[in-house]
Every structure is written in structure tokens, then in C-alpha cells.
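Trainee: Whatever this is, show me its structure:
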Amino acid sequence: MAEPFHTKFSECVRVFLGALILIVFSAMETQPVQAENATAGSEPETLFSSAPTIEPNPISRAPLVALIRFETTTPVIPSLVFDDGERTWSRKDVGPVGTKHVIAALGMRPNRYHEIRVVIRDPETEEEQTSDPLIFETPPLPKSFPPIEVLISEPEKMEPGVTLFCPNIWINDRSENQFGFLMALDSAGEVVWYLRSGHRTADVRVLSNGHLLYIHASYRAFLEVDLLGNIVRQWHGERLTDPPNEKSIPVDMDTVHHEIIELPNGNFLTISTILDHFEEFPSNERDPDAPWLPAYAVVDELVEIVPETGEVVWRLPVREFLDPKRYGYMALTGFWKDKYEEKVGEPVYDWSHANAMIYLPEEDAVIVSFRHLDCMIKVFRKTKKIDWIFGDHRGWGEEFQKYLLTPDGSMRWPYHHHAPQLTPQGTVLLYDNGNFRTVPHNEPVPAVHNQSRVVEYKIDEVNRTVEQLWEYDGGPDDQFFCPFYCEADWLPQTGNILVTDGGHIELEDGTPHGIVPAERQWARIFELTRDGEKSEKVFEIKCDSGMGSSLGWSIYRSIRLNDLYDLKVEPQLIDDGIENEAVDDPDVQALPDPPR
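Mentor: Predicted coordinates for the structure are as follows:
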């Protein structure tokens, strides 16, 4: 039987009233919570007035750098947090306090997606806020990139930081001047920054302003750059070189080579050259009875330069204090022939070949390393007088005998060495290439039996003695011989030694050779721990295209930087007009691709 109408109506009214009561009670229960939230504020007040954006470095020759831009409502200090899918890391205080920010994202590896968050901190309240993630993809390394192979990496035993260096390329029997990279590797040996310089590069230094200073390996110019690739300033030796561009600063000198030091007064101290004529110069390194004949030879000079103007405020031709009758093996080679021989129409020799300096501010003195004379000499800048001579005693004239340091205990002199430096203990650390292992008129040690080494000496200036404290020559298992380039750096946090073993030359059968070029040129960088006489390799990378390749590699020096963020970028200098075509050549199409 059908249900009466009034019964259905009553049920509908009951359901409706029940639902209405539930709605009312729900509203009453949630009202106090809503009021509390309204009082506290549903969102904290943001310090970002514009959301961060990210863009590739506008200077394409340094493509592992990105620029992040944003503004804030109050002055803040920015930091960055990175995630590339394999590792996460952060960098604190990557920019100055301010409200308008352009900061560089540094330390990214190639061919990866990176998630980057900006963290800002109010220095007054210590309040921090973090942005939404930014996504940046780094490009792969170019096909012409030097082949870097990681052999050893033990970060827990290494000096923290990144390794900065400049590989140079050889094509068959020539050194290529229109190809060059500056690069930085992390502790795993991965590339985290590079700059395509477009030309062969030699020594690179970090200036007090956070920029990099490096020598063009034609030895005619030097440049100041930042990590973005901006060329901040450029100089050239005006006696032999036309201005590479209208902004290059001329300097009254022939060349600039091997080393530039930034002095405490902000000036630069470097090594240049002079073409000199000798009335008597040796004609043979092996025959003591060979005649001495008139000849042209290159003589080094030390030059102090005011960077802002290029003015030379002090110079010292080394012939003023060297023994003109002292010479070593390779004095009859023609390292500088492309600079001078056309002028004189006859061979030009390389007498002294200075390759490094140590400035001593307390005494206003300079220790100068002379590769072809197998010695280091300390000379006072004002008086131009010698304090001491460190090196093999043979061949020095009578008036120079009083300056020679006397060996204390068992030691070996270095020969054709590179890059001496003072350690914090006041000792001298250097790379002893060891070419010939003797002085002229004596039988040289052939390359196949020779051995380079890293060595530390203690000089006692009071007693006029020198003592050998430590050496590393690889022993029988890792014997190495590099007849050119190379360096050894003492690392401050660990006391480890960073060795640039950068000038290996080999014949077709793989035996070491003493003269560039040969069938194979290759280079490596390694780091050693020190525990008394015991040393352990904790990092090693090699740059090598292998036997049979038309390409060879060499590395002059390297530096361990604490962090890329210790250096400085200059976003406002972009496209400043100082670049030349070689510097901005993105693909280096003229070169064959080295095997990777």
C-alpha cells in the first residue's frame, strides 16, 4: 500500500532540519580557529620584491656560469643551495648586502640540470627566506676540450678547494697559439668552470681584487679577467707588439714572460727581455776548447709596472749583476728567435732564461730563478747588489765565489728548475726538472736515465749554507722526467704538495725525451701528502691524447683555490669592447678534435 503524503513530507522536513543544524554547528566550531589565523596572518611577509630569475652567462666563453637576478624589500645577504641530481651543496654569502642583486651561480658541472634555490638573510633580524627552485641546464664540454682523465681522487685526504690551470696544445711539431683554456676542477677531478681564452695561456695568478691575471703565451701581452670571462684590463709590450685592441695598455718593454707578481703597493713585478750583444759568447757547450765568439743573446730584465697606466717605475737588467762568463746547457738554444732573429739576421741565443721570482717585502729584495744558469740569486732592489747565489758552484768567476751558498749535509743541486717558492716555514720548495744534471763541459745525463723531482731546501743566510730537507722523485715505481714547465705548491691547510708535472715528452717507443717536440707530449697534476719522508698520492689527473695522436698537451703551473666564490665577477663589464676575435672564438674550428 502507498505511503501517505504527509508521512513523506514529515521525513523531508526532518532531514532538512538535521542538515541545517550540522551546518550551523560546524560554522560555530571553526570560527575561533579562523579568527586566530587571521590574527597571526596566513603568510609571512616576504623579503623578495621580485622573484629570482636565472639566465646563461652572456659571455659564451665561460658557459658553466649563470647569472641570478632579483630584488628585495630590505637589504639582505644572498646564499645559494644547489642540487644537480647527484650531489647537493651550498655557498653562503655569495653577494654583498643590498636590495638589487646580480649574483653568479658557480661550481656547476657540465651537461647537467641544476636546481638552485636562493636563500636570503636579513643581517639585522637574521630572518631567512628561501626562493622557489630555479632550473638551469649546463651545456656539455666542447669537442675541442682538453682530455682530462682522473686517476686518483681521495677528497678526505686532499687540500679543500678547486684546482685552476691552463692546458696548452701541441699539433704535431708546433705549439698552437690560437687555442687556450683556463679551467677549474673540483676534488673529484670534474670540471666546474672554464674560460675559453682563444689563445695559449701561461702563468695565471689571483689578484687581491679577486680577478685572474694571466700571461698570453706569445709572451707579448697579459690580461686581467673575471670568472664571467670579462677582460677587465689588458697590457702589451709595446716595443715588439702592436696594440691588440684600442684599450690595451702599452708598457715600455719587449716581452712579458713566465711570471707576474702583484706587489704590496699594487704594482706588478714581471720578467721581460732585452736583446744584447756579447763580444764573447760560448760556441759549444761540450767542448771546453771551443772558441768564444761575438753573438746576440737575450738577457732578462725585471720590470715594475703601474697597472693603471702601464708606466715602468723600476727595471733591472740581470746582466748588471750576473757573471757574464757563467752559462749552462741550453744557452745556445733559440727560445726567442721569433721575437728577435729577423731584426739581426743571425742566430739569437738564450743566455739566462729567468723563469720565476719571489718578492721579499721586508727587505725589498727579489729571489730570481735562472733556468739556463741552474741557480737562484737573491738581489736587493735599491742597490742591485747580490746577497747570495744558490746553485752548482762550478763555472762562477772569482768575484762571485763569496756569494755562493755552501751545502750542509748530503744534498743535490737542482738543474733547470722551475717555480721556487717560500713555504710558511721559510724553506724553499721547487720543481727540479733536472735537465742534463750537470753544467757545460761535463757529460750530461740523458733523458732516458734522468729523473725530475720535487725538493725542499733550507737556506741559512747567517751561516751562508743550504740544506736539503725533503724530496719526492716517484721512486722506482713512478719515476718521472719533465724537461720543461712544472711547479710545486705548498698547500696551507694540510701541508700537502700540489705538483704540476706538466711537461712530459716521449719518443715513439715511449722513452722520455729531453727536447720538445717528440711523438707524444702529455701532462699531469698530482697532490702529495707528507709524513716525514713518506709521501702518498691523494689526487692525480692526466691530460693526454695518447701515442699516435697529432695532439699533445702541456701545463705550466696550477693553483689550488679555496673556493670559486673567493674570486669576483663583474656583470657590468659585459660587452665592454675590449675582446678581440681570437678571444671570442667559440668553436676553435681550425683544430682537430682530440679523442675524449
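Trainee: can we go C-alpha only for contacts and neighbour counts from here?
Mentor: Noted.
Trainee: Please, where are all the helices along the stretch 251-400 of the chain?
Mentor: With DSSP state H, counting those that start in this stretch, the ranges of helices along the stretch 251-400 of the chain come out as 337-344.
Trainee: nope, the chain is what I meant
Mentor: Using DSSP state H, the helices found in the chain span residues 5-40, 337-344.
Trainee: Pull out the buried residues from the shortest one.
Mentor: So the one you mean is helix 337-344. Lys337, Lys339, Tyr340, Glu341 (16 or more other Cα atoms under 10 Å).
Trainee: What's the local residue count around Glu224?
Mentor: Here the count is done by other Cα atoms under 10 Å, and Glu224 has 20 residues near it.
Trainee: Need the pLDDT of it.
Mentor: Note on Glu224: pLDDT of 96.
Trainee: Just grab the bridge partners of it for me.
Mentor: Leu213, Arg233 (DSSP bridges).
Trainee: Just list the residues touching it, thanks.
Mentor: His211, Leu212, Leu213, Tyr214, Ile231, Val232, Arg233, Gln234 (Cα atoms under 8 Å, 6 or more residues apart in numbering).
Trainee: Kindly provide the distance from it to His277.
Mentor: To His277, Glu224 is 34 Å away according to Cα to Cα, to the nearest Å.
Trainee: what ranges do the strands span in the stretch 401-550 of the chain?
Mentor: 406-407, 418-422, 428-432, 453-460, 465-472, 487-490, 497-506, 520-531, 534-543 (DSSP state E, counting those that start in this stretch).
Trainee: Phi first, then psi, for the closest residue to His211 other than its chain neighbours.
Mentor: Excluding its sequence neighbours, the residue lying closest to His211 (Cα to Cα, 6 or more residues apart in numbering) is Asp226, at 5.0 Å. Asp226 adopts backbone torsions of phi -110, psi -180, taken as degrees, to the nearest 10.
Trainee: So Asp226 is in contact with Gln572, correct?
Mentor: No. Contact status for Asp226 versus Gln572: not in contact, 11.5 Å apart, counting by Cα atoms under 8 Å.
Trainee: Which one of those two is surrounded by more residues?
Mentor: Under the criterion of other Cα under 10 Å, the comparison of Asp226 against Gln572 puts Asp226 first, with 22 against 9.
Trainee: quick one on the thing from earlier: farthest-separated two in the buried residues of helix 337-344?
Mentor: Lys339 and Glu341 (6.5 Å; Cα to Cα).
Trainee: Could you check the pLDDT of Leu1?
Mentor: I think there's a mix-up here, since residue 1 is Met and not Leu. pLDDT, Met1: 42.
Trainee: Now for Pro56, how many residues are close by?
Mentor: The number of residues packed near Pro56 is 18, by other Cα under 10 Å.
Trainee: Excluding covalently adjacent residues, which one is nearest to it?
Mentor: Ala66 (4.6 Å).
Trainee: list the contacts for that neighbour?
Mentor: Shown in contact with Ala66 (Cα under 8 Å, 6+ apart): Ile54, Glu55, Pro56, Asn57, Ala104, Ala105, Leu106, Phe136.
Trainee: That one bridge partners, please.
Mentor: Beta-bridge partners recorded for Ala66 (DSSP bridges): Pro56, Ala105.
Trainee: Phe82 now?
Mentor: Judged by DSSP bridges, the bridge partners of Phe82 are Trp89, Ile116.
Trainee: For it, grab the count of nearby residues.
Mentor: 22.
Trainee: Could you check how far it is from Gly107?
Mentor: Separation of Phe82 from Gly107 (Cα to Cα): 9 Å.
Trainee: With Lys337 instead?
Mentor: Going from Lys337 to Gly107 by Cα to Cα gives 41 Å.
Trainee: again with Leu164
Mentor: In terms of Cα to Cα, Leu164 sits 12 Å off from Gly107.
Trainee: Mind giving me the ChimeraX select for the contacts of Ala66, buried ones only?
Mentor: Buried residues among the contacts of Ala66 (16+ other Cα under 10 Å), as a ChimeraX selection:
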select :54,56,57,104,105,106,136
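Trainee: Between the contacts of Ala66, which sits nearest Pro291?
Mentor: Leu106 (60.1 Å).
Trainee: contacting residues around that closest one?
Mentor: Residues near Leu106 by Cα under 8 Å, 6+ apart: Leu64, Val65, Ala66, Val192, Trp193, Leu564, Tyr565.
Trainee: switch to 6 Å and redo it
Mentor: Contact analysis of Leu106 by Cα atoms under 6 Å, 6 or more residues apart in numbering lists Val65.
Trainee: Kindly report the same for Glu301.
Mentor: By Cα under 6 Å, 6+ apart, the contact set of Glu301 is Ile271, Ser272, Thr273, Leu316, Pro317, Val318.
Trainee: Among those, pick out the one closest to Asp364, please.
Mentor: Checking these against Asp364 by Cα to Cα gives Leu316 as the nearest, at 13.6 Å.
Trainee: Could you measure from the closest one over to Ser272?
Mentor: Taking Cα to Cα, one finds Leu316 at 10 Å from Ser272.
Trainee: before we move on, what about Ile386?
Mentor: Distance of Ile386 to Ser272, computed by Cα to Cα: 20 Å.
Trainee: neighbour-wise, which of these two wins?
Mentor: Ser272 (25 against 18).
Trainee: What residues are recorded as beta-bridge partners of that one?
Mentor: Beta-bridge pairing for Ser272 (DSSP bridges): Glu301.
Trainee: thinking it is in contact with Glu259, fair?
Mentor: No. Under the criterion of Cα atoms under 6 Å, Ser272 is not in contact with Glu259, lying 9.5 Å apart.
Trainee: Now do the strands for the stretch 151-300 of the chain: every range, in order, please.
Mentor: Counting by DSSP E, counting those that start in this stretch, the strands of the stretch 151-300 of the chain are 162-171, 174-175, 181-185, 191-196, 201-206, 212-216, 221-225, 231-237, 249-251, 260-262, 268-282, 292-305.
Trainee: rank those strands by pLDDT, which is bottom?
Mentor: strand 174-175 (a mean of 86).
Trainee: now for it, which elements pack on it?
Mentor: Using 3 or more Cα pairs under 6 Å, 6 or more residues apart in numbering; DSSP states H and E, no helix or strand is in contact with strand 174-175.
Trainee: Could you list the domains of this protein?
Mentor: Under the assignment automatic domain parsing, the domains of the chain span 48-137, 148-573.
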